[in-house]
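Participant: Structure, please.
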Amino acid sequence: MTDIPLKKRVRGWMMFDWASQPYNTSLLTFVFGPYFAAVVAKQLMDGGLIESAAKAQAQSTWGWALTISGLLIAALAPVMGAVADSSGRRLPFIWVFSALYVVGACGVWLAAPNVMNIALVLGLFIIGLIGMEFATIFTNAMLPDLGPREEIGKLSGTGFSIGYVGGLVSLVLILCLLAENEQGKTLIGIQPILGLDPELREGTRSVGTFTALWYMIFMIPFFLWVREPGPHKPFPKNVVRKSFSDLKVTLSKLPKSPSLTAYLGSSMLYRDALNGMYTFGGVYAVLVLDWTVVDVGVFGILAIIAGAISAFLGGRADSRFGPKPVIVSCIVALMLAAIGIVSISKESIFGVMVSMEDVLGPFSTSDLAFYFCGCVVGAAGGTLQAASRTMLVLQANPERMTEAFGLYALAGKATSFLAPMLIAIVTTVSESQRIGVSPVIVLFLLGLILLLWVKPEGEDEEVWASAT
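Facilitator: The predicted model follows:
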């Protein structure tokens with residue numbers, strides 16, 4: 001083991017969450033995603049498509065981009081995890097996928113209004129998203145090496161909390177200094193800094209470059225302090241073929257570990273539902289409530305604050321009570337929030353007509369209700385992800401941890417098309433974008449049911465002994 005103190009290695013490991021979170025926060029959810037949907041919808045309307053159809057197609061385009069990235073990650077993640085386990089090395093993979101993160105984030109600059117090449121911009125965005133997801137897989141797999149079993153819940157929760165704070169700080173800077181609304185003003189009423197042209201939405205488009213620079217700067221402590229246990233082993237001959245073979249054996253033995261299998265199935269469903277809420281939340285607010293990118297950003301700030309506090313406290317609850325009750329509580333809260341979101345339109349909440357006039361500053365009753373639901377999603381979502389990471393460590397074979405996180409990624413991405421597809425289908429059938437997000441409620445419920453077969457402390461040692 002390296003001579004770098006454990007506390008410093010832990011701090012370095014946690015810096016990954018701080019460094020990488022802006023891709024989720026600013027690009028995927030609260031700034032670029034809603035901006036992209038609005039630009040695509042406008043292009044389609046300028047081309048003669050009616051407004052409702054244009055907005056539906058813009059939402060569908062965004063959903064298919066996420067589906068493609070999810071399928072690529074699902075196909076490669078378990079194999080890449082097996083390759084890393086075969087060599088005992090993870091840091092080289094984190095370097096490679098960090099480079100993809102940076103390239104993809106910078107590609108957002110090309111998303112100019114009116115002349116945006118949709119395929120090119122989405123292609124680069126997908127590259128960055130794949131880089132972020134794979135770097136996360138290999139970083140997560142280092143968690144068991146950072147402390148005793150009873151401490152990993154606290155470490156995971158603290159890491160997620162730090163990540164949320166990083167996402168919050170970066171989002172505030174972006175909204176105050178870069179991202180402009182349709183009037184060309186940032187959140188604090190100024191034009192974007194550095195002479196960026198608001199007419200060309202250069203402030204919003206520069207968010208990707210900002211995110212890339214943020215990542216490069218704050219990953220420095222990670223690469224300086226984080227080391228892998230044990231001596232480095234050379235990659236074995238035919239490592240990919242061997243990894244496929246090992247993965248095939250692992251999948252064939254999953255039925256012998258029913259708790260792990262049930263957990264992978266459960267997390268597949270509830271994480272797909274959560275990602276559906278994250279990735280369509282900002283788009284929903286823009287297309288249904290007519291919010292601006294800045295409005296969505298403020299919404300994001302509140303959700304992130306709730307998520308940071310909740311992930312920190314949830315990590316303590318995880319260490320004290322175990323991850324399973326924490327996960328169950330979060331899923332129930334998310335189901336209730338999803339039901340609330342489905343009920344909200346500009347004119348009504350739960351079918352009750354409300355005033356469309358501003359009731360608190362510039363916010364209407366529906367705006368405030370959506371803000372509240374967003375805070376619940378942020379709080380429960382952050383805690384759920386942290387506890388889920390801990391739960392996998394408890395469920396997985398200690399000798400095949402990176403592969404397990406690869407399978408975890410596979411479980412999270414194998415049905416990543418499901419939420420967007422169901423949302424598209426239900427939206428088409430109901431002709432309502434509000435009702436269109438209701439499938440996430442069913443996915444949460446199914447995930448909750450599968451948790452009944454998950455052992456809180458994971459498989460017995462005899463199970464793993466018989467599986468090797």
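Participant: show me where pLDDT drops low in the stretch 351-468 of the chain?
Facilitator: Applying pLDDT under 70 to the stretch 351-468 of the chain picks out residues 351, 358-361, 398-403, 405-406, 409-417, 424, 428, 431-434, 458-468.
Participant: any idea where the helices of it begin and end?
Facilitator: 365-395, 401-413, 418-430, 433-436, 439-450, 461-467 (DSSP state H, counting those that start in this stretch).
Participant: tell me what the fifth one is packed against?
Facilitator: Counting contacts by 3 or more C-beta pairs under 8 Å, 6 or more residues apart in numbering; DSSP states H and E, the secondary-structure elements packed against helix 439-450 are helix 258-288, helix 323-343, helix 418-430. Any C-beta I mention is one placed from the backbone N, CA and C, and that applies to glycine too.
Participant: will you turn these into a markdown table that also has mean neighbour count and distance to residue 14?
Facilitator: Output for the helices and strands packed on helix 439-450, formatted as a markdown table (neighbours: other C-beta atoms under 10 Å; distance: least, C-beta to C-beta, whole Å):
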| stretch | mean neighbour count | distance to residue 14 |
| --- | --- | --- |
| helix 258-288 | 24 | 21 |
| helix 323-343 | 21 | 18 |
| helix 418-430 | 18 | 29 |
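Participant: Tell me which of the ones you listed sits nearest to residue 456.
Facilitator: Closest of the helices and strands packed on helix 439-450 to residue 456 is helix 323-343, at 4.4 Å (criterion: C-beta to C-beta).
Participant: wait, what's in contact with the residue lying closest to residue 206 once chain neighbours are set aside?
Facilitator: In space, residue 206 comes closest to residue 178 once its chain neighbours are excluded; the distance is 5.5 Å by C-beta to C-beta, 6 or more residues apart in numbering. The neighbours of residue 178, taking C-beta atoms under 8 Å, 6 or more residues apart in numbering as the test, are 186, 192-193, 196, 203-204, 206-207, 210.
Participant: do the same with residue 105
Facilitator: 23, 27, 128, 208-209, 211-212, 215.
Participant: I'd like to know which of these is nearest to residue 67.
Facilitator: Closest to residue 67 out of these is residue 128 (16.2 Å), distances taken as C-beta to C-beta.
Participant: Following the chain past the helix or strand that contains the closest one, name the next helix or strand.
Facilitator: If you go by DSSP states H and E, residue 128 is part of helix 118-140. Per DSSP H and E, the first helix or strand lying C-terminal to helix 118-140 is helix 152-177.
Participant: what's the offset of that next one from the middle of its chain?
Facilitator: Here helix 152-177 is found 13 Å from its chain centre; the criterion is C-alpha atoms, centre = their mean, to the nearest Å.
Participant: From what I see, residue 441 and residue 335 are in contact.
Facilitator: Yes: applying C-beta atoms under 8 Å, one finds residue 441 in contact with residue 335, separated by 5.7 Å.
Participant: any residues in contact with both of the two?
Facilitator: By C-beta under 8 Å, 6+ apart, no residue touches both residue 441 and residue 335.
Participant: how about residue 71, phi and psi?
Facilitator: phi -70, psi -40 (degrees, to the nearest 10).
Participant: Give me the pLDDT value at it.
Facilitator: In this model, residue 71 is scored at 77, pLDDT.
Participant: Residue 80 too?
Facilitator: So, for residue 80, pLDDT stands at 72.
Participant: Can you report how many residues lie near it?
Facilitator: 23 (other C-beta atoms under 10 Å).
Participant: right, and residue 371 touches residue 363 too?
Facilitator: Yes: under the criterion of C-beta under 8 Å, residue 371 makes contact with residue 363 at 7.3 Å.
Participant: Please report the distance of the nearest residue to residue 391 once chain neighbours are set aside from residue 303.
Facilitator: Once flanking residues are discounted, residue 391 sits nearest to residue 323: 4.1 Å by C-beta to C-beta, 6+ apart. Taking C-beta to C-beta, to the nearest Å as the measure, residue 323 falls 22 Å from residue 303.
Participant: And residue 42, by the same measure?
Facilitator: For residue 42, the distance to residue 303 - C-beta to C-beta - is 26 Å.
Participant: Tell me which helix or strand in this structure has the weakest average pLDDT.
Facilitator: helix 461-467 (a mean of 52; mean pLDDT, DSSP states H and E).
Participant: Spatially, what comes nearest to residue 53 if we skip its sequence neighbours?
Facilitator: Closest to residue 53 by C-beta to C-beta, 6+ apart is residue 44, at 7.6 Å.
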